[in-house]
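Visitor: Have a look; sequence and predicted model below, questions after that.
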Amino acid sequence: MGNLAETKPNAPHTPNPPRLLDQLRDAMRRLHYAYSTEKSYVQWVTRFILFHHKRHPKEMGEPEVIAWLTHLAKERDVAASTQNQALSAVLFLYRHVLQRPLNLSIEDSVWAQKPARLPTVLTRDEALRVIACLHGEFALMAKLLYGCGLRLNECVGLRVQDIDFERMQIIIRDAKGDKDRVTMLPAALVAPLQEHLMRIRALHQRDLQRGLGFVDLPDALARKYPNAAREWAWQYVFPSRTLSRNPRDPQDQRQYRHHIHASALQRKVSEAAKLAGMTHKRVNCHTFRHSFATHLLEAGYDIRTVQELLGHKDVRTTMIYTHVLNKGPKAVRSPLDP
């Protein structure tokens, strides 16, 4: 009797399973992780595999992960936050792709030391001086960073529907920790934002007339409402000047208008800080967020309120700002001062 496969020449071909890194990307998209996080996790998982001479992760477990994390701390001298990110990437792989959750934490390895650094904080005058050295949309973004306590990626990723002029609030969607939160919309930014949106809407109308006007959407929404990608509400508040392809879908030939790249705002803020004479402080986009939190606490606002506005999961994260207060109800006066 011949081989069974030989008697059925038309048996359906079983496709090869997706590669591990593609499975990782698919899992992160199902769970709506940010594209920047997706790229970072893919990079860390690749480094983990290469460290163990290209062994497949399903053949490894806790001991190999601990050895790698220890290597990062001792040989690569990475920061504590970097080591935590590397661990998060590998834990995600085992839990959501390999379906084999690992039972370990960062304490199981040599722990990269977290430096006891206090945040750099600008005075209100210094913050406004830096902002005054910015122009156009970059000045508007800096005002949002300082006036609303936004993170850099939250600011550049704002969409039109996230700004609620009636309730005077801004909704930050899918923020750190995959949660939405609400912060205030400063009254001083209402008119500048409305004028800016009028210009952006005119740009969007020109894109539509050219058969364009597409913007990337969360995966589930893109599948459910394919026409939403051209709607005004989903457009970015700070769109890029150039069009580009969808980095998550190489098969998609359409041209999209993504948001301004975060590095562009970072560069402009760095240049503005130098122009403003901030040579004694290291100023970046996150400095505005630090200053926002500190100035609210100085004004006497409750730390839990500030925690909610910042989107901190743990109030202990917010409490770092109590260490840089120089006035306000919780300040302690030196016995040397009258």
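Guide: In hand now; what should we look at? From a predicted model like this one, the values you see are computed outputs, not experimental measurements. Numbering: from 1, shown residues only.

Visitor: where are the low-confidence patches of this structure?
Guide: 1-17, 105-116, 177-178, 219-220, 324-338 (pLDDT under 70).

Visitor: Grab the most central residue of it for me.
Guide: In the chain, the centroid-proximal residue (C-alpha atoms, centre = their mean) is residue 153; its distance is 4.8 Å.

Visitor: Sticking with that one, tell me its helix or strand.
Guide: Using DSSP states H and E, residue 153 sits in helix 152-156.

Visitor: Can you tell me what sits against that helix?
Guide: Here helix 152-156 makes contact (C-beta atoms under 8 Å, 6 or more residues apart in numbering) with 34, 36, 141, 144-145, 172, 175, 236, 238, 259-262, 265-266, 285-286. From N, CA and C alone the C-beta is placed, and that goes for glycine too.

Visitor: Same question for stretch 299-306.
Guide: Contacts of stretch 299-306 (C-beta under 8 Å, 6+ apart): 293, 296-297, 315, 318-319, 321-322, 328-329.

Visitor: Please name the nearest non-neighbouring residue to residue 194.
Guide: Distances taken as C-beta to C-beta, 6 or more residues apart in numbering put residue 165 closest to residue 194, at 7.2 Å, once the chain neighbours are dropped.

Visitor: what's the next secondary structure element after the helix holding residue 153?
Guide: Next along the chain after helix 152-156, taking DSSP H and E as the criterion, comes strand 163-164.

Visitor: That following strand pairs with which strands, and in what direction?
Guide: Strand 163-164 has the following strand partners under DSSP bridges: strand 169-175 (antiparallel).

Visitor: Tell me the gap between the strand it pairs with and the middle of its chain.
Guide: 12 Å (C-alpha atoms, centre = their mean, to the nearest Å).

Visitor: ok so, going back, drop anything exposed from the contacts of stretch 299-306.
Guide: 293, 296-297, 318, 321 (16 or more other C-beta atoms under 10 Å).

Visitor: so which two of those are the farthest from each other?
Guide: 296 and 318 (10.1 Å; C-beta to C-beta).

Visitor: Which stretches in the stretch 1-150 of the chain count as helices?
Guide: Applying DSSP state H, counting those that start in this stretch to the stretch 1-150 of the chain gives helices spanning 4-7, 20-30, 35-51, 62-74, 80-92, 124-132, 136-148.

Visitor: Only C-alpha atoms, please: export the third one in PDB.
Guide: What it means is helix 35-51. Extracted C-alpha coordinates of helix 35-51, given in PDB (Å, rounded to 0.1, in the frame of the first residue of the first chain):
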ATOM      1  CA  TYR A  35       3.000  51.800  17.800                       C
ATOM      2  CA  SER A  36       6.100  53.100  19.700                       C
ATOM      3  CA  THR A  37       5.600  50.400  22.300                       C
ATOM      4  CA  GLU A  38       5.200  47.800  19.600                       C
ATOM      5  CA  LYS A  39       8.500  48.800  18.100                       C
ATOM      6  CA  SER A  40      10.200  48.800  21.400                       C
ATOM      7  CA  TYR A  41       8.900  45.400  22.500                       C
ATOM      8  CA  VAL A  42       9.900  43.800  19.200                       C
ATOM      9  CA  GLN A  43      13.400  45.200  19.600                       C
ATOM     10  CA  TRP A  44      13.700  43.900  23.200                       C
ATOM     11  CA  VAL A  45      12.400  40.400  22.300                       C
ATOM     12  CA  THR A  46      14.900  40.300  19.400                       C
ATOM     13  CA  ARG A  47      17.700  41.200  21.800                       C
ATOM     14  CA  PHE A  48      16.600  38.500  24.300                       C
ATOM     15  CA  ILE A  49      16.700  35.800  21.500                       C
ATOM     16  CA  LEU A  50      20.100  36.900  20.200                       C
ATOM     17  CA  PHE A  51      21.600  37.000  23.700                       C
END
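
Visitor: Which strands or helices does it pack on?
Guide: Judged by 3 or more C-beta pairs under 8 Å, 6 or more residues apart in numbering; DSSP states H and E, helix 35-51 is in contact with helix 20-30, helix 62-74, helix 80-92.
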